[in-house]
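> what's the 3D shape of this:
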Amino acid sequence: MHVPTPKFPPNWRYSSVERPFASGLSPSRRGFTLIELLSVIGIMILMMSLIVPSISGILHGRSVEYASNKLADLANLAREASLANNSLTALIIATDPKMENRYRAVTLMQLLPTEDGMPPSSEAWTPISGWETLNTGVLIDPQALVCNDVTDPPSTPGTPTPFFPDLRYQDQPLDSYRYIVFLPGGGLLSGRSASLRITEGFFAADSSEVIHTRGGKIGGGTNHYDITILAATGRLKIDRP
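Residues are numbered from 1 along each chain as shown. Model prediction:
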């Protein structure tokens, strides 16, 4: 069967509408325009600006939680050691102003009863843990710390007899520290509850004031844990505002 050849005018040409693929590119392979690319980049930048602070806040919150758990574990270990060994056990917090890790370094010491029943000497205090350091950016808030101080007079409730020997931190004399002493029955020697606040912050340069990084100002931080050690039992109560 013969199919007749179509006849077109001599000057007839395919139009761009009639030849959508004349350039060799299909609609599905069309490139992005500059405006579309800039729009996508802008959306990505906006999303990152919203996501990054949220992730940072979560990580800092975890850091405070981890430090609080570590300090709580040390306090519980001190209480358990007193009960198990019929001894005095002290949780000691380094606060020496010349230390970089002040209010972040903590250790435990124990005073065992003597075999002959004679009063022990200061040298009878022995460490039962090394110095544990809270992670960077987290510390024990000095303004909210309620416990005994090395500068307290001997008659102050909570001061042990005999008193601690000269303490050292990283081979340097430790001139300033705070402490909590647990009795053989688990309660506190001071007869009053102790309080520690673990907060996100750091010390201002050449100052004893704490800069709270959540809020960025002196005077209080919103990201913190409060640990209370009950006087009668030595048990812990942990609060997160």
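> now do the buried residues in stretch 129-142.
129, 131, 133, 134, 138, 139, 140, 141, 142 (16 or more other Cβ atoms under 10 Å). For the C-beta atoms, the positions are set from N, CA and C on the backbone; glycine is no exception.
> an error on my part: the question was meant for stretch 149-163.
For stretch 149-163, by 16+ other Cβ under 10 Å, it's 150, 158, 159, 160.
> can you list contacts of the biggest strand by length in the chain?
Identified as the longest strand of the chain according to DSSP state E is strand 194-203. Contact partners of strand 194-203, identified using Cβ atoms under 8 Å, 6 or more residues apart in numbering, comprise 60, 63-64, 67-68, 71, 102, 134, 137-141, 144-147, 180, 188, 209-214, 221, 223-229, 231.
> and those, which of them are in helices?
Mapping these onto helices (DSSP state H) picks out 60, 63, 64, 67, 68, 71.
> now the longest strand of the chain: average pLDDT?
For strand 194-203, mean pLDDT rounds to 92.
> follow-up on the earlier one: show me which of the contacts of strand 194-203 are buried.
Neighbour-count burial (16+ other Cβ under 10 Å) applied to those gives 60, 63-64, 67-68, 71, 102, 134, 138-141, 144-145, 147, 180, 188, 210-214, 221, 223-229.
> picking that back up, and the longest strand of the chain, C-alpha only, in PDB?
Coordinates of each C-alpha in strand 194-203 appear next as PDB, following Å, rounded to 0.1, in the frame of the first residue of the first chain:
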ATOM      1  CA  ALA A 194      24.600  19.100 102.800                       C
ATOM      2  CA  SER A 195      23.700  20.700  99.400                       C
ATOM      3  CA  LEU A 196      25.600  20.700  96.100                       C
ATOM      4  CA  ARG A 197      24.500  22.300  92.800                       C
ATOM      5  CA  ILE A 198      26.100  21.000  89.600                       C
ATOM      6  CA  THR A 199      25.800  23.800  87.000                       C
ATOM      7  CA  GLU A 200      26.900  24.600  83.500                       C
ATOM      8  CA  GLY A 201      29.500  27.400  83.700                       C
ATOM      9  CA  PHE A 202      33.000  28.500  84.400                       C
ATOM     10  CA  PHE A 203      34.900  31.100  86.500                       C
END
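> any chance you could map the helices in the protein?
34-85.
> which regions of it lie under the pLDDT threshold?
Within the chain, the segments meeting pLDDT under 70 span 1-32, 49-61, 214-222.
> try 80
Across the chain, the ranges flagged by pLDDT under 80 are 1-32, 34, 36, 46-62, 117, 205-208, 213-222, 241.
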